[in-house]
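Undergrad: return a 3D structure for these sequence lines:
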Amino acid sequence: MKIGVIGHRNHANKIITILNKQQNIKKIKIFIRRKNNKNKFNFKSKKIEYVYSLKNLNDISSVFISSPTKTHTKYIKFFLNTKIYIFCEKPGGNGIKDLNFLQTIQTKRRNKIYFNYNLLFTKQINLIKEMLKNTSKFGKLSFVDIKLTNGISYKKEFNKNWRFVSKNIFDQITGNLGSHYINLFLWLFKSIEKKSIFKLKINKKNDTSLLVLKAKKKIIINMYFSYSNPLSDEFNLFFSNSILKIKDNKMSVFGPRDHFDKNKYFISPPTIQTWKINQNNEYLKSLELSIKFFLNKVENNKKFPLKYFKNSISTLKFFI
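TA: Numbering: from 1, shown residues only. Presented below is the predicted three-dimensional model:
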């Protein structure tokens, strides 16, 4: 199998590293605009070939688009009327013009396009899905609280970073981080009925955002993202008979609800089970599983269910 990659930044490097390990891939053609960009890669693999024209990608079976968001639809258009499968990093576009174009893509072509949102294959998500199904044990979910923070807005090397310079919501923390979770919640809950988005400039930049949502199944979701706080990677999910906490590389389930002290007052329920995880590694593993999921379709010439394309369009619409 021969594949192509468009992009040469941090995330593209992660994708290329994963692709290089796949035994069924014999050639990786990396498209770069300038020959000196080749120096930004540190790959020593006989599989890799650098090309400087998109026309040199006409013999590949699939293409991985990991370029800046504003270029995604341009590259999708280039490969749209070919037999080449398209793996495009989230989101599919960055505005109403891109959304309108994506919605015009014919059904027969939509099922060969896959937009990657990097959460669907993590242990955390698998546990949440399990708890949502087992309402007799865990109860019904009513509240989700997410806090994802770090302090990169105070690093000098990030002063002119695209995260803070761009006026586009998909480059800012709201869309850049938030779109992964909106995509996930659309998978879990089918729709989002109401939303409120609050933006703050803690360090005189577009560095902080709070999203408050109401999902169709009467679930409140609170998401706090910030590049101006100490590091936190924390999830709390409140079910009617249990609580799931994911923090500091641990997943813990507490329950059942009815635990009392000697005076018959509620007390915190005991731990049912705890799992150790590496949250950073989980995201990388999820990316690898997502890529393998895509490559399996390519290798076997199978189509993606249209729900994948539809979900990605709904995610894009949320922020526009």
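Undergrad: and the strands in this protein?
TA: 2-6, 27-31, 48-51, 62-65, 85-89, 113-116, 141-149, 192-200, 208-215, 219-226, 232-239, 242-247, 250-254, 271-276 (DSSP state E).
Undergrad: out of the ones you listed, which is closest to K307?
TA: strand 113-116 (11.7 Å; Cβ to Cβ). No exception for glycine: its C-beta is placed from N, CA and C like everyone else's.
Undergrad: which strands border that closest one, and is each parallel or antiparallel?
TA: strand 85-89 (parallel) (DSSP bridges).
Undergrad: run the chain-centre distance for the strand it pairs with.
TA: 14 Å (Cα atoms, centre = their mean, to the nearest Å).
Undergrad: mind giving me the domain ranges of this structure?
TA: 2-116+286-309, 123-277 (automatic domain parsing).
Undergrad: about what we covered before: how about the strands of the chain, which one is nearest L284?
TA: Short answer: strand 113-116, nearest of these by Cβ to Cβ, at 13.0 Å.
Undergrad: CA atoms only for the closest one - export them in CSV, please.
TA: The C-alpha trace of strand 113-116 is given here as CSV (Å, rounded to 0.1, in the frame of the first residue of the first chain):
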residue,chain,number,x,y,z
ILE,A,113,-13.6,10.6,3.7
TYR,A,114,-12.7,10.3,7.4
PHE,A,115,-12.2,13.2,9.7
ASN,A,116,-10.1,12.4,12.7
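Undergrad: residues in contact with that strand?
TA: 76, 85-92, 105, 287, 290-291, 294, 297, 304, 308-309, 312 (Cβ atoms under 8 Å, 6 or more residues apart in numbering).
Undergrad: circling back: hey, which of the strands of the chain is tucked in deepest?
TA: Of all these, strand 62-65 has the most neighbours on average by mean count of other Cβ atoms under 10 Å, namely a mean of 26.
Undergrad: buried residues, the helix ranked longest in the chain. List them.
TA: Identified as the longest helix of the chain according to DSSP state H is helix 279-299. Neighbour counts over helix 279-299 (16 or more other Cβ atoms under 10 Å) mark 279, 282-283, 285-288, 290-291, 293-295, 297-298 as buried.
Undergrad: and that helix, what does it pack onto?
TA: Secondary-structure packing of helix 279-299 (3 or more Cβ pairs under 8 Å, 6 or more residues apart in numbering; DSSP states H and E): helix 10-20, strand 62-65, strand 85-89, strand 113-116, helix 123-133.
Undergrad: so which of those is nearest E193?
TA: That would be, of those and by Cβ to Cβ, helix 123-133, which comes in at 17.9 Å.
Undergrad: can you check what angle separates that closest one from strand 232-239?
TA: Angle between the axes of helix 123-133 and strand 232-239 is 10 degrees (criterion: axes from the mean of the first three to the mean of the last three Cα atoms, to 10 degrees).
Undergrad: then helix 123-133 to PDB, C-alphas only?
TA: Presented in PDB, the C-alpha positions along helix 123-133 are these (Å, rounded to 0.1, in the frame of the first residue of the first chain):
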ATOM      1  CA  LYS A 123      -9.700   3.700  27.500                       C
ATOM      2  CA  GLN A 124     -11.500   6.600  29.200                       C
ATOM      3  CA  ILE A 125     -14.200   6.800  26.500                       C
ATOM      4  CA  ASN A 126     -14.600   3.000  26.400                       C
ATOM      5  CA  LEU A 127     -15.300   3.100  30.200                       C
ATOM      6  CA  ILE A 128     -17.800   6.000  29.800                       C
ATOM      7  CA  LYS A 129     -19.600   4.000  27.100                       C
ATOM      8  CA  GLU A 130     -19.800   1.000  29.400                       C
ATOM      9  CA  MET A 131     -21.200   3.000  32.200                       C
ATOM     10  CA  LEU A 132     -23.800   4.700  30.000                       C
ATOM     11  CA  LYS A 133     -25.100   1.300  29.000                       C
END
